[in-house]
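**Q** starting from these lines, generate the structure:
(2 chains)
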Number of protein chains: 2
Amino acid sequence: MSDGKSVTAALLIIGNEILSGRTHDKNIAHIAGKLTEAGIRLREVRVVPDIEEEVVHAVNRLRAKYTYLFTTGGIGPTHDDITAECIAKAFGRALIRHPEADRRLVEHYQRTGMDYNEMRQRMANTPEGAALVDNPVSTAPGFQVDNVYVMAGVPRIMQAMLDNILPTLVGGPKMLSRTVIAELGEGVIAGGLRDIQNLYPGIDIGSYPAYTNEGFRTSLVLRGTDAEELETACDAVRQLVRSLGAEPEDGAAT
Amino acid sequence: MSDGKSVTAALLIIGNEILSGRTHDKNIAHIAGKLTEAGIRLREVRVVPDIEEEVVHAVNRLRAKYTYLFTTGGIGPTHDDITAECIAKAFGRALIRHPEADRRLVEHYQRTGMDYNEMRQRMANTPEGAALVDNPVSTAPGFQVDNVYVMAGVPRIMQAMLDNILPTLVGGPKMLSRTVIAELGEGVIAGGLRDIQNLYPGIDIGSYPAYTNEGFRTSLVLRGTDAEELETACDAVRQLVRSLGAEPEDGAAT
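**A** Purely as a prediction, here's the structure:
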C-alpha cells in the first residue's frame, strides 16, 4: 500500500466551529477527491481548534511527514483568525504585511467603498517569503510557504484557491480505482478477499458494506497505480463473487 | 478558552475511504454535537488510513492527551478491518476472542441462518480486559479499553453505539452558547469584537461570515460555561452591532 515513490499530503482544518459541531465539514471530501485525481495521496487529516500552540505543533509535524500540507480556515479579519501568525511561528519567520496582498486589498476596498481598517489589514499578513494564492471570490489571498498551502475555510473560496494551486503541484503515479459490487454480505466474501489482497500487495482492496431493502450489498474498491495489476486483481474479485453464487457488477470508479 | 476542569475528547477516524474522497464523512458533526451537549469538548479530530503503525501511534498520542478518545471504523470482518488489533497493540495487551461478543455473534448467525465463518469470528476479537459496547443494529459490538471507545464507522451503527456510551461518561461544566447575527461584514465588526474578547477571556467568541443576496451577514457565536458571563458578553456584542448601525438578531443556539 505504501511505496517510496508516492506523493503524499495532509490536510489541517483549523476551526472551533467544526469541533463544536456547529459547522458540518464540506472540505475533506472535495480536497481528497481533487488530490487523488492529481496523483497525490491524502494520508492524514487533522482538525484542531483556534489555539496557537495546537496549530503550530500540527503544522510542523505534518509538513515534515508529508510531501504537501494544506490548511483551511483562520485567514479572515477577526481575532480568531490566527493561521498566518501560526504558520510564521512554525517556520520561525517574521509575520509581515505582504505588499502585493496589501495592494490587492487596498484596491478591493476602494472599489467597494468600504473602510480598509486595521482588522481587515490583517488579511494582508503572511510569513516573510510567502507566495500568494489567488482568491477570485473575495480578494483576500491564501499563501504558500515551502510545502505548506494556506487556504480559506469557506468552501467556495477554498475550492477556487485549490484550483489555482493544483496545476503547480507535482503528482506521483496516478491512483487508479475500480469498484466491484456484490449482492453478498461482507462476511461471506471476507476470506476470499483477504487471499486476493495477499496475492496482490500492490493493490489496496477496501470493502464497504451496505444494507439495502434487497439485503446485503458490498462495494469492493480496488486501488493501485499499475493498470494491468489492477485489472488482474479485479478479475480475481469478480471470480470470487461468482464462486459465491452472485453476479459481480461494475460500480462507478471512485 | 481552556480551563483545568474541562473534560476533553478526541475523535480518530480510521479509514482509507474518507482519505480517498470516496466516502463523505457524516460522523464528525454528529459526535461533536453530542459531546458538546454532554459537557465534553471535542478538541481534535484525526483521520488516518488503515495502516497499523499510523493507527497505533495516533491512539497512543490521543488517549494520553485527552480525557476520552473515540474511534470510528475498522471493526468489520474484512482484512482491512484492523482496529481491534491496533488497540490491543497500543495498550500492549493480547488480542482475545471475547466470550460474550462471541456468544452474541454465534446466536446472531444461528438466528439468521448464516455461516459464522473465520472472518466473521474476527468481529468478536477485542484487547484483553475490554468492555463491550452494545450494537443494537447489527450485533457485532464495539468495545472500551480504559478511556478509549471503539465504534463502527457506518453512521447508523456508530450513532446507536454512541447513545449507549454517552450515559456512562462524566462530563465537565456544560458549554453554553449564544449566537448573535449581524447584517454587517466581518471586517466592520472585527475590531470591537477583539476588544470584547479581551474583556471576557472566559468566553470563546467565533465569527462566521456569509454572503447572502441581501449582502454581508456575520454570525457571532459566544461559548462559555458561566451563564452570567455569557449573557454579559452577549449584551456587549449586541451593543457593538447597534453602534455600527445594525440591529442584532438572536440566532439558534449551537
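**Q** so is the least confident helix or strand in chain A by mean pLDDT next to chain B?
**A** When the helices and strands of chain A are scored by mean pLDDT, DSSP states H and E, strand A:204-212 comes last with a mean of 87. Yes: interface with chain B: strand A:204-212 contributes A:204-209, A:211 (CB under 8 Å from any CB of the partner chain). Heads up, the C-betas are built off the backbone N, CA and C, glycines and all.
**Q** and that strand, what's buried?
**A** Burial within strand A:204-212, assessed by neighbour count using 16 or more other CB atoms under 10 Å in any protein chain shown, is assigned to A:204-209.
**Q** what is the orientation angle of the helix or strand hosting residue A:57 with helix B:52-65?
**A** Assigned by DSSP states H and E, residue A:57 belongs to helix A:52-65. Here helix A:52-65 runs at an angle of 170 degrees relative to helix B:52-65 (axes from the mean of the first three to the mean of the last three CA atoms, to 10 degrees).
**Q** quick one: strands adjacent to the helix or strand following helix A:52-65?
**A** Next helix or strand after helix A:52-65 toward the C-terminus (DSSP H and E): strand A:68-72. When sheet partners are counted by DSSP bridges, strand A:68-72 sits next to strand A:7-14 (parallel), strand A:148-151 (parallel).
**Q** gap between strand A:68-72 and the chain center?
**A** 8 Å (CA atoms, centre = their mean, to the nearest Å).
**Q** same question for stretch A:183-198.
**A** Centre to centre, stretch against its chain (CA atoms, centre = their mean), the figure for stretch A:183-198 is 29 Å.
**Q** go through the helix holding residue A:57 and flag the buried ones.
**A** A:54-56, A:58-63.
**Q** the residues you listed: which ones sit near chain B?
**A** residue A:54.
**Q** residues touching the residue lying closest to residue A:13 once chain neighbours are set aside, list them.
**A** Take residue A:13 and drop its neighbours on the chain: the residue closest to it by CB to CB, 6 or more residues apart in numbering or on different chains is residue A:47, 4.4 Å away. Residues near residue A:47 by CB atoms under 8 Å, 6 or more residues apart in numbering or on different chains: A:13, A:15, A:18-19, A:25, B:28, B:44-46.
**Q** rerun that using 7 Å as the cut-off
**A** Contacts for residue A:47 (CB atoms under 7 Å, 6 or more residues apart in numbering or on different chains) come out as A:13, A:18-19, B:44-45.
**Q** tell me the SS of it?
**A** strand (DSSP: H, G, I helix; E, B strand; the rest coil).
**Q** and it, what are its bridge partners?
**A** residue A:13, residue B:45.
**Q** could you check how far it is from residue A:16?
**A** 10 Å (CB to CB, to the nearest Å).
**Q** and if you look at residue A:183?
**A** Residue A:183 is 44 Å from residue A:16, by CB to CB.
**Q** so for these two, which residue has more residues nearby?
**A** Using other CB atoms under 10 Å in any protein chain shown as the criterion, residue A:183 and residue A:16 rank with residue A:16 on top: 26 against 17.
**Q** ok, and what's touching the top helix by length along chain A?
**A** Determined from DSSP state H, the single longest helix within chain A is helix A:227-243. Outside helix A:227-243, the residues within contact range by CB under 7 Å, 6+ apart are A:176, A:178, A:180, A:182, A:184, A:189, A:192-193, A:196, A:200, A:202-203, A:220, A:222, A:224, A:248.
**Q** what is the subsequent helix or strand relative to that helix?
**A** Next along from helix A:227-243, by DSSP H and E: strand A:249-251.
**Q** neighbouring strands - and their directions - for that following strand?
**A** Counting by DSSP bridges, strand A:249-251 is paired with strand A:176-182 (antiparallel).
**Q** circling back to that earlier point, let's test this: mean pLDDT of the helix holding residue A:57, rounded?
**A** For helix A:52-65, the mean per-residue pLDDT is 98.
**Q** just checking, what packs against that helix?
**A** strand A:7-14, strand A:40-48, strand A:68-72, helix A:83-91 (3 or more CB pairs under 7 Å, 6 or more residues apart in numbering or on different chains; DSSP states H and E).
**Q** could these go into a markdown table alongside distance to residue B:130?
**A** Shown next, in a markdown table, are the helices and strands packed on helix A:52-65 (distance: least, CB to CB, whole Å):
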| stretch | distance to residue B:130 |
| --- | --- |
| strand A:7-14 | 30 |
| strand A:40-48 | 26 |
| strand A:68-72 | 35 |
| helix A:83-91 | 38 |
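**Q** out of these, flag the one nearest residue B:150.
**A** strand A:40-48 (19.3 Å; CB to CB).
**Q** the closest one vs strand B:7-14, what angle?
**A** Going by the same axes, to 10 degrees, strand A:40-48 makes 170 degrees with strand B:7-14.
**Q** strand A:40-48 versus helix A:83-91: what angle between them?
**A** Going by the same axes, to 10 degrees, strand A:40-48 makes 110 degrees with helix A:83-91.
**Q** does residue A:184 count as helix, strand or coil?
**A** coil.
**Q** got a list of what the residue nearest to it when sequence neighbours are not counted touches?
**A** Leaving out its chain neighbours, the residue that sits closest to residue A:184 by CB to CB, 6+ apart is residue A:246, at 5.1 Å. Contact partners of residue A:246, counting by CB under 7 Å, 6+ apart, are A:182-184.
**Q** between those, which is nearest residue A:109?
**A** Looking across the contacts of residue A:246 and measuring by CB to CB, the closest to residue A:109 is residue A:182, at 58.1 Å.
**Q** so that closest one makes contact with residue A:189?
**A** Yes: between residue A:182 and residue A:189 there is a contact under CB atoms under 7 Å: 6.1 Å.
**Q** anything in contact with each of these two?
**A** With CB under 7 Å, 6+ apart as the test, residue A:182 and residue A:189 both reach residue A:218.
**Q** got the domain ranges for chain A?
**A** Chain A breaks down by automatic domain parsing into domains covering A:7-168, A:176-251.
**Q** mind putting these in JSON lines, distance to residue B:87 included?
**A** As requested, the domains of chain A are exported to JSON lines (distance: least, CB to CB, whole Å):
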{"stretch": "domain A:7-168", "distance to residue B:87": "19"}
{"stretch": "domain A:176-251", "distance to residue B:87": "20"}
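**Q** can you tell me which of the ones you listed is most buried?
**A** domain A:7-168 (a mean of 20; mean count of other CB atoms under 10 Å in any protein chain shown).
**Q** pull the distance from it to the chain's centre.
**A** With CA atoms, centre = their mean, you get 13 Å for domain A:7-168.
**Q** only C-alpha atoms, please: export stretch A:32-43 in CSV.
**A** What follows is stretch A:32-43, C-alpha atoms only, in CSV (Å, rounded to 0.1, in the frame of the first residue of the first chain):
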residue,chain,number,x,y,z
ALA,A,32,-9.4,14.3,-1.1
GLY,A,33,-11.0,13.8,-4.4
LYS,A,34,-9.0,16.6,-6.2
LEU,A,35,-5.7,15.3,-4.7
THR,A,36,-6.5,11.7,-5.7
GLU,A,37,-7.2,12.9,-9.3
ALA,A,38,-3.8,14.7,-9.3
GLY,A,39,-1.9,11.5,-8.2
ILE,A,40,-1.4,12.8,-4.6
ARG,A,41,-2.4,10.6,-1.7
LEU,A,42,-4.1,12.3,1.2
ARG,A,43,-2.7,10.3,4.1
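**Q** contacts for it next, please.
**A** A:6-11, A:31, A:66, A:68, A:162, A:166, A:169, A:171-175, B:19-21, B:49.
**Q** what do you get for stretch A:51-65?
**A** A:10, A:12, A:14, A:44, A:46, A:48, A:69, A:82-83, A:85-87, A:89-90, A:147-148, B:1.
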